[in-house]
Each structure stands twice: as structure tokens, then as C-alpha cells.
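**Student:** give me a model of this one.
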Amino acid sequence: MTARPYTTPSHPSGKLLFRQLFEKDSSTYTYLLADVSHSDKPAVLIDPVDKTMERDLSLVKELGLKLIYAMNTHVHADHVTGTGLIKSKVPGVKSVISEASKSKADLLIEDGDKLYRICFGEKLVSAFAVVRSTPGHTLGCVTYVTGDGPNQPQPRMAFTGDALLIRGCGRTDFQGGSSNQLYKSVHSQIFTLPKDTLIYPAHDYKGFTVSTVGEEMLYNPRLTRDEETFRNIMENLNLPYPKMIDVAVPANMVCGLQDLSAKPVEAISN
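**Tutor:** The predicted model follows:
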């Protein structure tokens, strides 16, 4: 586990607590963010894994945080999300996923939705993130990006799921994937961010923990190529069938173990 606290330079009392957590079997990163300047210390988990749910909730408790949302960047094929288990352990926590994923969740988000409004309230000093739609790995992939206001962490942070990995990207050969769409998503929604924006992916298989937009624009061996070359690369990866996909995708379409008898999902607005 790596840990890095962020203090907003322009507003010393506004602090965003940040923890990066790792699940070794699927090489998945889970991210914990919390507004520790607020008395409730509201927090969110991004891409939790069922196998590490107890660890993550123990950390939330140790740090005195109030977990509000368990969020997914997309419907994962390599592990079961921990959102369902988290909801069963912590009453009041809501699951979040994109509406385009066609998955079940308490809150369905779409491009441009402002997560600070549903996470921390409009009057709190630390806004959380804006949703950017980044399909291509799957139809419903999103990237969560912290804002650019005076009370935001600097440099900005982008939680890219599988759309953009460190020196790589997610595969595009199942779940409605499209190499052309992924190329356009990354170039229009991520590479347009400030170059010092920190990139935090959903996975890493080589030991990297963080990159930047500028680094990936220079050194990503796939996405620095033209679109046709990128498509040829992606079509010839010859990757094995994901061993967990037949279990993970059906479970993640209902956000893990979410109770389907609950009231219908609601979409949020800007």
C-alpha cells in the first residue's frame, strides 16, 4: 500500500486524504478519498474488491471516516467488486456506476456529472470529482477527475479505470469494447487534462503506482501511435480469455452482491 496525503495549497484547512490500496490476485488498485476538513470526514472508495473488503473497511474505521459511496469505474471482468459486501456491512453506503454500463447501482452517473454534489455537498470546501465518459475498454467506462477550483488538490488526479493504464491501456475485445472508441476517449477526455495531472489506474502489473498525463502522452507505447496503428496493436494482442470473466461480469452487473429487491436506481443530475 502506498499513501500520500494531499493538502490544497490555496486553502490550508481543506484537506483531501488519499490512500492507494492493492489487491494482488487481480493486480487491482482501490482508492480511498476523504474530506478530512469536514467534521463528518465523508469518504469514497473507488473500485473496491470483494477479497479486500474487510481490509478497506478496517482502514476507514481506523481513520475515523464516514464512508458514503462505493464507486466503480466500469463493470470489471477480472474480479468481483466489493460494493455489494460494503453495502451489507455499512448501512447507508450507496453504490455508483455509469448508466452506460447497464449495470445496477444506487446511483447511475454519466459524462459531466459532478461527484462533489452527491458526495460532500455543494457547500463543503473539498469538491471531489467530475465524471468523464471514457468508453472503449467497455461501453460503460468512466474516469473520475478532481476539479480545477481553488479548493481542489493540486496537481489534479484522474482515476482512469482500465481506459488508461501506466504505459498501456485496457483490452478492447469484449464487453462492447472498441479500439477506435478507446483511442478517441483517451485523447479527448484524458490527454486534454493538464500534463501534471496524476494518473491512477485500476490495475498495474509491473509495480507502477502512478503516472501523469504528460508522461503517458510521451511514453505510452500504444496511445502515442496514430489511430490506425493503435487499432492494429489492439487487434493483435492475442490475450487469453480472462479467467474470472464468467463469474465477475454477471456479479458486477448487479454491483457485486447488491440487494435487487431494493428500490429502483436513480440517476443523478449535474
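**Student:** which of the helices and strands in the chain ranks last by mean pLDDT?
**Tutor:** Scoring the helices and strands of the chain by mean pLDDT, DSSP states H and E places strand 6-7 at the bottom, with a mean of 35.
**Student:** next secondary structure after it?
**Tutor:** strand 15-23 (DSSP states H and E).
**Student:** now that next one: average pLDDT?
**Tutor:** What strand 15-23 shows for mean pLDDT is 93.
**Student:** same thing with stretch 110-128?
**Tutor:** 57.
**Student:** any low-confidence regions in this structure?
**Tutor:** Scanning the chain with the threshold set as pLDDT under 70 gives 1-14, 115-128, 257-270.
**Student:** quick one: the helices in it?
**Tutor:** Here the chain has its helices, by DSSP state H, at 53-62, 83-89, 115-119, 179-185, 213-219, 227-235, 245-252.
**Student:** the inter-axis angle of the longest one versus strand 15-23?
**Tutor:** If you take axes from the mean of the first three to the mean of the last three Cα atoms, to 10 degrees, helix 53-62 sits at 160 degrees to strand 15-23.
**Student:** elements contacting helix 53-62?
**Tutor:** The contact analysis (3 or more Cβ pairs under 8 Å, 6 or more residues apart in numbering; DSSP states H and E) places helix 53-62 against strand 15-23, strand 28-35, strand 42-46, helix 83-89. The C-beta positions use only the backbone N, C-alpha and C, and glycine is treated the same way.
**Student:** who does Ala43 bridge with?
**Tutor:** Beta-bridge partners recorded for Ala43 (DSSP bridges): Ala34, Leu67.
**Student:** so what's the residue count around it?
**Tutor:** 25 (other Cβ atoms under 10 Å).
**Student:** and what of the one 3 residues further on?
**Tutor:** The local packing of Ile46 (other Cβ under 10 Å) involves 22 other residues.
**Student:** can you give me the distance of the residue lying closest to it once chain neighbours are set aside to Met53?
**Tutor:** In space, and not counting its chain neighbours, Ile46 is closest to Tyr31: 4.2 Å by Cβ to Cβ, 6 or more residues apart in numbering. The spacing between Tyr31 and Met53, counted by Cβ to Cβ, to the nearest Å, is 15 Å.
**Student:** of those two, which one has the most company?
**Tutor:** Between Tyr31 and Met53, Met53 has the larger neighbour count (other Cβ under 10 Å), namely 25 against 20.
**Student:** now that the more buried one has come up, it's in contact with Lys89, right?
**Tutor:** Yes - taking contacts as Cβ atoms under 8 Å, Met53 lies within contact range of Lys89: 7.3 Å.
**Student:** OK, contacts around Gly161?
**Tutor:** 47, 73-74, 134, 137, 141-143, 170, 201-202 (Cβ atoms under 8 Å, 6 or more residues apart in numbering).
**Student:** try Tyr219
**Tutor:** Arg167.
**Student:** quick one on the thing from earlier: go ahead and confirm the residue nearest to Ile46 touches Leu17.
**Tutor:** No - counting by Cβ under 8 Å, Tyr31 does not reach Leu17; the two are 11.0 Å apart.
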